[in-house]
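A.B. asks: I'd like to go over a predicted model; first the sequence, then the structure.
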Amino acid sequence: MRQSEERYISLLTDFGFKRIFGTDPNKDLLINFLNSLFNGEEVIKDVRYLNSENVGDVYTERKAIFDVYCENERGEKFIVEMQNAYQTFFKDRSLFYSTFPIREQAPKSSDWNFCLKKVYVVALLNFKMSDEAFDSSDTIHTIALMDTTTNKVFNAKLMFKYVEVGRFDKADNELTSLSDKWMYVLKNLSRLDGRPAALREKIFTKLFDAAAIARFSPTELREYEDSLKAYRDIKNSLDTAKAEGRAEGRAEGRAEGRAEGRAEGRAEGRAEGRAEVAKTMMEKGMDVKIIASLTGLSEEEIKSLRKQ
């Protein structure tokens, strides 16, 4: 029996995101979406999905599990990540992730001239990152290795796209570019009762068909409901933690007269909120990898919570 009240899945859930962007039958949706973000900088004609779980070297034994990992027809690598929860060192995490597709290009033979294929990290952020390096008037930010004096690209083999989905606030009658339309869908698909007039392109016909909950098998529906509940739990907990953190920070700031009181209160509130959500998920038997994806905590941090 169908439990979900929505007509279409949420692309902000782990299940919804990977169903639409991480499967071979829907790879044309991923191609169209990525091309909209690159807007001519890079034109992707085809993609091949790669193993999304990358094992670290023998020294670190660290794993990186990507939401979507693929390469285009030229062998250029794309990591696509949906991040729902704020994470203090997310920029560092995305930089760490980029090292895996770089290192795996080294052949096992000793004969290699170090010529690399391009690596792109596309981070979809369901929150306001508010980084001082970003143009605050835009929601799509392109980061490259630059010469800080000339502002020219030093090496274009490594590029980052940070997409602030959480800051996108256009209505359907304000959508002009293809990237606008995809951003609108990412943020609002599960709230829609039907297909807006602004989304009449053929690619969105396929999207709405693939996202229709009524087409799900009982197994798919259960998986989606579990993923949706996990998303809602963490969203509600983080919203509460943020509110409590702001209140605590303001109180401390007023009492002590220090700005850092507010910042510490917000940071502590977010951290405690993520930890509590992770504990609840573990109690319900959820997989550690899924918990890590949804909360932004590392697998080691989650496992350590079991001992508390």
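C.D. replies: Ah, there it is.

A.B. asks: domain ranges for the protein?
C.D. replies: With domains defined by automatic domain parsing, the chain comprises 14-215, 218-302.

A.B. asks: comparing the ones you listed, which yields the minimum mean pLDDT?
C.D. replies: Least confident of the domains of the chain, judged by mean pLDDT, is domain 218-302 with a mean of 71.

A.B. asks: which stretches in the stretch 1-150 of the chain count as helices?
C.D. replies: Secondary structure of the stretch 1-150 of the chain, counting by DSSP state H, counting those that start in this stretch: helices at 14-21, 27-38, 90-103.

A.B. asks: check contacts around Met286.
C.D. replies: 226, 230 (Cβ atoms under 8 Å, 6 or more residues apart in numbering). From N, CA and C alone the C-beta is placed, and that goes for glycine too.

A.B. asks: ok, now which ones touch the closest residue to Ile102 other than its chain neighbours?
C.D. replies: Sequence neighbours aside, Val119 is the residue nearest to Ile102 in space, at 5.7 Å (criterion: Cβ to Cβ, 6 or more residues apart in numbering). If you count contacts by Cβ under 8 Å, 6+ apart, Val119 has them with 76-77, 79, 98, 101-102, 157-159.

A.B. asks: who does Val119 form a beta bridge with?
C.D. replies: Note on Val119: beta-bridge partners Lys77, Leu158, judged by DSSP bridges.

A.B. asks: separation between it and Lys303?
C.D. replies: In this structure, Val119 lies at 30 Å from Lys303, with Cβ to Cβ, to the nearest Å as the measure.

A.B. asks: next: Phe114.
C.D. replies: Look at Phe114 and Lys303: by Cβ to Cβ, they are 37 Å apart.

A.B. asks: same check, this time on Phe160
C.D. replies: Phe160 sits 29 Å away from Lys303, taking Cβ to Cβ as the criterion.
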